[in-house]
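*Asks:* Below: sequence and its predicted model.
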Amino acid sequence: MPRRTKIVATLGPATDDPKVLDKLIHAGVDVVRLNLSHDAHESQRQRADRIRNRAQACGRQIGVLADLQGPKIRIGRFKTGVIKLVENEIFILDADCPLDGGGEARVGLTYPELVNDVTRGDTLLLDDGAIVLWVSDVSSNEVTCKVVVGGKLSNNKGINKQGGGLSAPALTDKDRADIKFAAEIDVDYIAVSFVRNASDVIEARHLLEEAGGEGGVIAKIERAEALDCIDEIIQASDAIMVARGDLGVEIGDAELPAVQKELIKTAWGMNCVVITATQMMQSMIESPIPTRAEVFDVANAVMDGTDAVMLSAETSVGKYPHKVVEAMDRVCIEAEKTQTARRSHHRIDTVFGRVDEAIAMATMYTANHLGVKGIAALTESGSTVKWMSRISSDIPIYALTRHVRTRRKVTLYRGVYPVSFDVASTDIDQVNEEVIDELLRRGEVRESDLVIITKGDRSGVEGQTNIMKVMRVGEHVLADKNRIEGGT
C-alpha cells in the first residue's frame, strides 16, 4: 500500500547537489518548499528548475511551495554579538536605538511600531520563548521591561507577544515582490506567514493572480488571533499550515497539542488540506536517526489526519537530507496502518451544491463498502480528488489528468497520486479500457480487482464530473451510476 501522507521538504544549501536531490526524490518527497526568507531569487529559481528537471528524469511529479517571509518582528544586533540578561533586571527595547547598536541595557527593533502594540503588564517572548520579559512601562519610543526569564540573547532574535495582538500586517513589501517572483517560476502553492484573518489570504491570492500565478494559497497559522477567526481563514485558503513555532510561543506550548488536533479536524471538516510543520525531526539536522519523541510526534499528526508533514532545516541545511525523508516515510507508513476505519461519517448529513462534489462523496461511500482496490478519477482541476481525499479510507485515489499543473497541485492531497493521462477517445467504453490499462501498466491493480472510475461525459471541461462506474478488471462493468444530469 503506498504512503498516503505527503512529505514536504525544504530545499537549501544541503540539497543543491544534484546527487543529493536525486536521493531526496527516491526517498519519497512529494512537495518541496522554497523558504523565501533566505537566499536570492536566482538561487531559488535554480532550485525550482532543478527539482522539476530531476523529478521528470525520475518519472515523478513533485509540487513546489514558496513560503513567504512575512513581517520581521525582531530585535536588532548587539555590539558584542551576544549579551546575558539577568532575572529582575531592566532591559529596554528601543525604537530609536540603531539596529547594530545594542548593548547590555537596550537593543533596537526592526518593528518600531511595537511601542504602539504593547502596554504595561504585557509579556514579551524573545528567541522562541527562551527569554521572557514583563512590560513595566511604554513611552513614545521605548518599551521598558523587567526580565522574568533571563539567559543569553544574541542578534536578530524574534519577538512574540504572549496571547498575540501585534498589529504588523501579514504581507510586507518584500512579500509582494516575492509573490511576483513565485508567479514567474509557476509555483504550485504560496504560503502566507503570520496570517491574522481571511483578508490576508484574499489579498495574497489577488496579488498572485494579478502577477499571472495560478497556484494555491496556504495560510500559516502561527498567530494567536488567527484562531479566533479560523473558519473564515480556512474558507479563504486552499490549505492551512500548523506552524507550531511562533504559534506555540504565543499560546503556550502546553496548549499546542490540543490546538493542532483541533486545527486538523476543523480543516478536514471544511474540505481544506492541512500541513503540520516545525521541528518534526529537528534532531536529524545533526543525527542520522530521529529521537523517539520525534517519531511519536510525526505518527500522532498522521493518525490525527494531517495531509502532509513538513521538514525545514532538517533537509535545507542538515547533514542527512534523504535519511530524514526516509525516516519520515517509515513512520508515516506504520502510523497509517492503525487507521482501519473505512466507514466515514464525514458530511453524511450535508446537502451538496454541486454534482461533481456529490459524485466524489458517493464514490468514497461505495469504495469503502465494496472492497474497491483503487479509484481512478479523470480530473481537470483536481477538485473531485480533493473532495474524495477528505473521506477516511486506505483506498488509493489516482488523479488522471493531462494538466501538469493539476498533477503538481494534488501532490499535497492525502492519499491522492498524480497520473499523466490524456483522453484519446470520445467513446466512453474505450476510455474506461484505457484507464484500466494504465493502472495495470503501473502495477496498481490486478485481474479481478474492483476499480471505480469517475469522469464527465463532457471531456476536458472543468467541474463536469457526473459519471461513476464500478468495474472489475478484466470483466464487464458491474454497475453504472452515470449521467446524473445537471452537472455544474
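*Replies:* Happy to help now that I have it. Numbering: from 1, shown residues only.

*Asks:* So the spatially most central residue of the chain: helix, strand or coil?
*Replies:* The chain has Ile275 as the residue nearest its centroid, 3.7 Å off, counting by Cα atoms, centre = their mean. Assigned by DSSP: H, G, I helix; E, B strand; the rest coil, the conformation of Ile275 is strand.

*Asks:* In this structure Val274 contacts Lys261, no?
*Replies:* No - Val274 is beyond contact range of Lys261, at 10.9 Å (criterion: Cβ atoms under 8 Å). Yep, even glycine has a C-beta here, placed from its N, CA and C like the rest.

*Asks:* ok, the two, which is more surrounded?
*Replies:* Using other Cβ atoms under 10 Å as the criterion, Val274 and Lys261 rank with Val274 on top: 28 against 17.

*Asks:* domain parsing for the protein?
*Replies:* Per automatic domain parsing, the structural domains of the chain span 6-70+170-336, 82-161, 355-481.

*Asks:* From the opening residue of the second one to its closing one, how far?
*Replies:* Going back to what we said before, that points to domain 82-161. Across domain 82-161, the terminal residues are separated by 22 Å (Cα to Cα, to the nearest Å).

*Asks:* for the record, mean pLDDT for it?
*Replies:* Averaging pLDDT along domain 82-161 yields 96.

*Asks:* distance between that domain and the chain's centre?
*Replies:* The chain centre lies 32 Å from the centre of domain 82-161; the measure is Cα atoms, centre = their mean, to the nearest Å.

*Asks:* per-residue confidence at the residue nearest to the centre of the chain?
*Replies:* pLDDT recorded at Ile275 is 98.

*Asks:* just the one 5 residues further on next, same as before
*Replies:* Looking at Met280, its pLDDT reads 97.

*Asks:* Equivalent analysis for the one 4 residues further on, please.
*Replies:* The score at Met284 is 98. That number is its pLDDT.

*Asks:* helix, strand or coil for it?
*Replies:* Classification of Met284 by three-state DSSP places it in helix.

*Asks:* what's near enough to touch it?
*Replies:* The neighbours of Met284, taking Cβ atoms under 8 Å, 6 or more residues apart in numbering as the test, are 290, 294, 314, 318, 320, 323-324, 327.

*Asks:* The same query, at a cut-off of 7 Å, please.
*Replies:* 290, 314, 318, 320, 324, 327 (Cβ atoms under 7 Å, 6 or more residues apart in numbering).

*Asks:* any idea how far Glu222 is from it?
*Replies:* Distance from Met284 to Glu222, counting by Cβ to Cβ, to the nearest Å: 23 Å.

*Asks:* Next: Thr123.
*Replies:* Applying Cβ to Cβ to Thr123 and Glu222 gives a distance of 18 Å.

*Asks:* for the strand or helix carrying Val249, packing partners?
*Replies:* Val249 is part of helix 244-251, with elements assigned from DSSP states H and E. When contacts are defined as 3 or more Cβ pairs under 7 Å, 6 or more residues apart in numbering; DSSP states H and E, helix 244-251 packs onto strand 159-161, helix 256-269.

*Asks:* what does that helix rub up against?
*Replies:* 125, 128-129, 160, 162-164, 221-224, 256, 259-260, 277-278.

*Asks:* Output it in PDB, but only the C-alpha positions, please.
*Replies:* The C-alpha coordinates for helix 244-251 follow below in PDB (Å, rounded to 0.1, in the frame of the first residue of the first chain):
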ATOM      1  CA  ARG A 244       4.000  25.300  15.600                       C
ATOM      2  CA  GLY A 245       7.000  27.600  16.300                       C
ATOM      3  CA  ASP A 246       5.500  31.000  16.700                       C
ATOM      4  CA  LEU A 247       2.100  29.700  17.500                       C
ATOM      5  CA  GLY A 248       3.400  27.700  20.400                       C
ATOM      6  CA  VAL A 249       5.200  30.700  21.700                       C
ATOM      7  CA  GLU A 250       2.100  32.900  21.600                       C
ATOM      8  CA  ILE A 251      -0.400  30.400  23.000                       C
END
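
*Asks:* And that helix, how far out from the chain middle?
*Replies:* Chain-centre distance of helix 244-251: 17 Å, with Cα atoms, centre = their mean.

*Asks:* Next, the angle from that helix to strand 273-277.
*Replies:* Interaxial angle, helix 244-251 versus strand 273-277 (axes from the mean of the first three to the mean of the last three Cα atoms, to 10 degrees): 80 degrees.

*Asks:* Please indicate which of the contacts of helix 244-251 are buried?
*Replies:* For the contacts of helix 244-251, a burial check counting by 16 or more other Cβ atoms under 10 Å picks out 125, 129, 160, 162, 164, 221-224, 256, 259-260, 277-278.

*Asks:* what's near enough to touch Leu126?
*Replies:* So Leu126 contacts 75, 133, 153, 157, 159 (Cβ under 7 Å, 6+ apart).

*Asks:* Now a PyMOL select for only the buried ones of those.
*Replies:* Per 16+ other Cβ under 10 Å, the buried members of these correspond to this PyMOL selection:
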select buried, resi 75+133+153+159
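
*Asks:* Give the helix, strand or coil label for Leu207.
*Replies:* Assigned state for Leu207: helix (three-state reduction, three-state DSSP).

*Asks:* Now the residue nearest to it when sequence neighbours are not counted: which helix or strand?
*Replies:* Sequence neighbours aside, Ile179 is the residue nearest to Leu207 in space, at 4.8 Å (criterion: Cβ to Cβ, 6 or more residues apart in numbering). Ile179 belongs to helix 173-184 when assigned by DSSP H and E.

*Asks:* in that helix, what counts as buried?
*Replies:* Residues 175, 178-183 are the ones in helix 173-184 that count as buried (16+ other Cβ under 10 Å).

*Asks:* same check, this time on stretch 15-32
*Replies:* By neighbour count, with 16+ other Cβ under 10 Å as the criterion, the buried positions of stretch 15-32 are 15, 21, 23-25, 27-32.

*Asks:* Could you save those as a markdown table and add columns showing secondary structure and pLDDT?
*Replies:* Listed next are those as a markdown table, based on DSSP: H, G, I helix; E, B strand; the rest coil; pLDDT from 0 to 100:
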| residue | secondary structure | pLDDT |
| --- | --- | --- |
| Thr15 | helix | 97 |
| Leu21 | helix | 96 |
| Lys23 | helix | 97 |
| Leu24 | helix | 97 |
| Ile25 | helix | 97 |
| Ala27 | helix | 97 |
| Gly28 | coil | 96 |
| Val29 | coil | 98 |
| Asp30 | coil | 98 |
| Val31 | strand | 98 |
| Val32 | strand | 98 |
